[in-house]
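> A predicted structure for the sequence below; I have some questions about it.
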2 protein chains.
Amino acid sequence: MAKEVDNKEVVNREEDYSKWYNNLVVKADLAEQSAVRGCMVIKPYGYAIWEKMHEQLDRMFKETGHVNAYFPLFIPKSFLSREAEHVEGFAKECAVVTHHRLKVAPDGKGVVVDPEAKLEEELIVRPTSETIIWSTYKNWIKSWRDLPLLCNQWANVVRWEMRTRLFLRTAEFLWQEGHTAHATREEAVEEARRMVDVYARFAREFMAMPVIVGCKSENERFAGALDTYTIEAMMQDGKALQAGTSHFLGQNFAKAFDVQFANKEGKLEYVWATSWGVSTRLMGALIMTHSDNNGLVLPPALAPIQVVMVPIFKTDEERDAILARMGQLKAELAAKGLSVKIDDRDNLRPGFKFAEWELKGVPVRVVIGPRDLENGVVELARRDTMEKESVPQAGLAEYAANLMGKIQQNLYDKAAAFREANIVKVDTWEQFKEEIEKGRFLLCHWDGTTETEEKIKEETKATIRCIPMDTCICEEEGTCVYSGKPSHRRVVFARAY
Amino acid sequence: MAKEVDNKEVVNREEDYSKWYNNLVVKADLAEQSAVRGCMVIKPYGYAIWEKMHEQLDRMFKETGHVNAYFPLFIPKSFLSREAEHVEGFAKECAVVTHHRLKVAPDGKGVVVDPEAKLEEELIVRPTSETIIWSTYKNWIKSWRDLPLLCNQWANVVRWEMRTRLFLRTAEFLWQEGHTAHATREEAVEEARRMVDVYARFAREFMAMPVIVGCKSENERFAGALDTYTIEAMMQDGKALQAGTSHFLGQNFAKAFDVQFANKEGKLEYVWATSWGVSTRLMGALIMTHSDNNGLVLPPALAPIQVVMVPIFKTDEERDAILARMGQLKAELAAKGLSVKIDDRDNLRPGFKFAEWELKGVPVRVVIGPRDLENGVVELARRDTMEKESVPQAGLAEYAANLMGKIQQNLYDKAAAFREANIVKVDTWEQFKEEIEKGRFLLCHWDGTTETEEKIKEETKATIRCIPMDTCICEEEGTCVYSGKPSHRRVVFARAY
């Protein structure tokens, strides 16, 4: 009755990237489709990774002065119409609550919606919370002393996506949304930039994922924002994944919900706003940045299990002795802050266990057989390089703790090298079309118009991922790769998730 | 432009208990009504307390072997009908999603529901997740090796309550729901009891709230459960508050969703289930257990701020010197694990600050004036007893750390003494009616029938809160206080929230 884990069932990345991704998510027990269209179940192993992301991000938000709060799941329909661009962007595909009661069906079988219980005004399941939060802020903000107001919320949101993919695009997803209020434009812009930098730091240091920080073009901005900052990551198929965004909202929502504050001179002014969020989509980014044909590869900083120990034995006596030694080593590793699992299942062969933990991306595997026990060593295998070595049991904890840092760095370096190899400067339209087919990020001049941007998208499916903040790379004079008009800087084009 | 905090606006507990509670929740910045009927906004200070509860409970769940996962917000309507009693209990007042799109209104103003976008099957916003989870477990459980399955979920749920009260009864609330699957009845019963004990321990050790652990009568059981275990707390008006429940669900959901496992002999059997949950209702319980006419009183174990420091000064020079000293003391207190806030707002008088922090229930206030600075002392005030004393600055950290334990214990003892004074054994119907009017818990004999229970409820509004697990108190022969029929044990009757 043993569960069959068969890595062979994970199709090769090179063969079918999309299927490889899906296989991986399901086989590694991260998530699965639910009985509800477009909604996923996040399984315990996947949720444990999300918890680690949540925990670290929450710490970073608090260190930058933010507090958590909780706002309603539902938004009155009329709220969505208050901010003109916002309604355009969000009031389309969403879950609409129209009734508040079920009753027993006339035939006595099952339940039906009670037509008597129709809501006066429909409620929308939040696709994002700017409207309900700014309607609340109206009562919280009176004076400059109430500013800045720096709230974050961890919540579920719903966007009725037509085509869904586990973690990358689901009808319901988990996220955090920061919503801040400021006395001045400068302060709000600074906040929006600070938070995109927090996201970039999280991506680099914890996800071991290089990202490009930049501004969105007008076309790709959040509905209701004056500026959207983004972190863009390159997946292993060369496509871009928008991993987090931070918006400078100007006074749009303050005006829509009439939120004014008395400044130090006692004069009323509209409040300046930002919002910023990352979601369970980060799980998709993490998977697609590091994994291989053997399965998931997790950076130690986010791995729920950092070291797995597998005993090899023939007799019960050997088994008991090895497990006893593993228990001691586990305690030593735990004392160094490492999370360790001893896989003592008695119905599975070691080879099967190796494959399963490789599939699940555990950074380090430690194996002890009878001879290792005798010699006071372990066989240690790294998931990232698949290298094996013999390591003395004495000092294993320290060795493993150091190794975690090395693996983390190696994963980042590998991903950075891959990205480096797949970003090209292109200066002609022919080159653009050729390179985009190879699955690359293109650094090229663009004339700054939405029209050109849309034509390029039509012809190549490539979009402007961002106008990089790092001016050294991009600020130079040139001519638009498509229209030939003058341009002052290069932008990043790519096909995207 | 300073925000006005006026504790006088908190009505006296003795005058209007219900209004006192509501005043407190709002004035102490814990929560407020939102623009959406029955839904609350949990404000940062309230949410910080909930976060501490969440963190501690999560730790206790993990220590008892549970893992977190996440299941969809929506439940297909037909799922609710699968378990007969469950649909009866939960498919009544709930939020029903019928459409998935809005479109611009014909007159161009605002948005309307797109009639074209009607869902084939309506979706219910989860009032609890047994049905969607057991439909998922069907695919996760094949063999005895997959058991026990010990999952918990932190989530929002919606029940369309007609009369709502902040934290105590809201349309949307936050909670955790554990859902476990077991191979045997015994194991499932053991789990249900283990978790009610976890809740009791959390209530006592962290909330400083005494609770009675017991079984619900058939009438008060969770819809679909064979047994419901509960923790019942006494509020300061003598009413009972059900603070957490744990259900032994038998094989009801396994049968409804056809979840079977192959046992060691390879024979198929239905799985045994439990579910258990606590919610933001605990916030209401916490507030009503300890607070007084000056505001909130928080047990140190759950207080977001444990020590607040208020400087008293006339000159800028004094101010700078005192704040500098406070900074040093804060670091010393933080090193002992205490969370400290220095209230250096320059637009408020000290007396105003004292009142505000009393309202917010901060366990300890430390005041330093110029003379204190000179003498190397602070004035320390306890929120629970309102006592003040002079304490040397040297050793303050250790003193305060110890004091936290004493305050925590004192709050528990006070609540326990109050409860002790308000539980009475009653043996006649006259006595019952008299004592219930005083707002007390009644320990009395009951004949075990739903009929008697309902008659008592009709006549007195009192319900059976639980049949206590502590058999020493209750197991004795007697006759039913209402019907005069024989009874083998006393049960707890009270009016309840």
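Received, thanks. Numbers count the residues shown, from 1 in each chain, chains lettered A, B, ... in the order given.
> And the most centrally placed residue in chain A, how close does it get to A:I407?
For chain A, the residue lying nearest the average C-alpha position, counting by Cα atoms, centre = their mean, turns out to be A:L282 (1.3 Å). Separation of A:L282 from A:I407 (Cβ to Cβ, to the nearest Å): 19 Å. C-beta here means a position set from N, CA and C on the backbone, and glycine is covered the same way.
> Surely A:C151 is in a strand?
Yes. Using DSSP: H, G, I helix; E, B strand; the rest coil, the secondary structure at A:C151 is a strand.
> For it, which residues are in contact?
Contacts here follow Cβ atoms under 8 Å, 6 or more residues apart in numbering or on different chains; on that basis A:C151 touches A:H66, A:V67, A:N68, A:A69, A:I133, A:G178, A:H179, A:T180, B:P44.
> Let's see if you can find the most crowded of these.
When these are compared by neighbour count (other Cβ atoms under 10 Å in any protein chain shown), A:H179 ends up highest, at 28 neighbours.
> beta partners of that one?
According to DSSP bridges, the partner residues bridging A:H179 are A:C151, A:S275.
> ok, it - contacts?
A:S129, A:E130, A:I133, A:W134, A:Y137, A:C151, A:N152, A:Q153, A:A273, A:T274, A:S275.
> List only buried entries from those.
Among the contacts of A:H179, those scoring as buried are A:S129, A:E130, A:I133, A:W134, A:Y137, A:C151, A:N152, A:Q153, A:A273, A:T274, A:S275 (criterion: 16 or more other Cβ atoms under 10 Å in any protein chain shown).
> and which of those residues is nearest to A:C215?
Distance ranking of the buried ones among the contacts of A:H179 against A:C215, using Cβ to Cβ, places A:T274 first at 14.0 Å.
> quick one: the closest one and A:T180 touch, right?
Yes. In terms of Cβ atoms under 8 Å, A:T274 counts as a neighbour of A:T180; the distance is 4.8 Å.
> quick one on the thing from earlier: do you know how far the residue nearest to the centre of chain A is from chain B?
Between A:L282 and chain B the computed distance is 14 Å (Cβ to the nearest Cβ, to the nearest Å).
> try A:M207
As for A:M207, its distance to chain B is 20 Å (criterion: Cβ to the nearest Cβ).
> ditto for A:H86
Note on A:H86: its distance to chain B, by Cβ to the nearest Cβ, is 11 Å.
> Please name the residues that touch the nearest residue in space to that residue that is not next to it in sequence.
Computed as Cβ to Cβ, 6 or more residues apart in numbering or on different chains, the closest residue to A:H86 that is not its neighbour in sequence is A:G224, at 3.8 Å. A:G224 makes contacts with A:E83, A:E85, A:H86, A:G89, A:E130, A:H247, A:L249, A:N252, A:F253, as judged by Cβ under 8 Å, 6+ apart.
> Help me confirm that the fifth one comes into contact with A:E83.
Yes. With the criterion set as Cβ under 8 Å, A:E130 and A:E83 qualify as a contacting pair; they are 7.4 Å apart.
> quick check: longest helix of chain A.
Of all the segments assigned as helix in chain A under DSSP state H, the longest by residue count is helix A:396-421.
> how about the residues of the stretch 301-450 of chain A near chain B?
Counting by Cβ under 8 Å from any Cβ of the partner chain, the residues of the stretch 301-450 of chain A close to chain B are A:N347.
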